[in-house]
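Visitor: coords please:
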Amino acid sequence: MDPVTVCLGVAAMGYGAYTGLARRAKPAQLGKLEAMKRFWGERAGVAVHVVGYTVVPIVLGIVLIVRGLQGAAVF
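Guide: Presented below is the predicted three-dimensional model:
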């Protein structure tokens, strides 16, 4: 087990969860979300933000945790 990789995975999952919750609770707090909505429109801007700041970090976190538990190291 590589604890650094597992910790990075937990941090990535936490970040993804935070942005998902913050987008629902206080969307005005996320400046990049508002900029993406202005640039791509309401639906596409939210979709890009969800994928880039919620889905990708959560998936990356899961992969890092699994690989870290298997002994793989990021550094």
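
Visitor: how much space between Arg23 and Ile58?
Guide: Note on Arg23: its distance to Ile58, by C-beta to C-beta, to the nearest Å, is 13 Å. Every residue, glycine included, has its C-beta placed from N, CA and C.

Visitor: let me redo that: Ala11
Guide: Counting by C-beta to C-beta, the gap from Ala11 to Ile58 is 12 Å.

Visitor: who's more crowded, those two?
Guide: Shown here are Ala11 and Ile58; by other C-beta atoms under 10 Å, Ile58 has more neighbours (19 against 13).

Visitor: Run the chain-centre distance for the helix or strand of the chain with the lowest mean pLDDT.
Guide: Every helix and strand in the chain was compared by mean pLDDT, DSSP states H and E; the lowest is helix 31-40, with a mean of 91. Distance, stretch centre to chain centre, for helix 31-40: 17 Å (C-alpha atoms, centre = their mean, to the nearest Å).

Visitor: Which secondary structure elements does the next helix or strand along the chain from that helix sit against?
Guide: Per DSSP states H and E, the first helix or strand lying C-terminal to helix 31-40 is helix 42-50. Where contact means 3 or more C-beta pairs under 8 Å, 6 or more residues apart in numbering; DSSP states H and E, helix 42-50 is packed against helix 3-25, helix 31-40.
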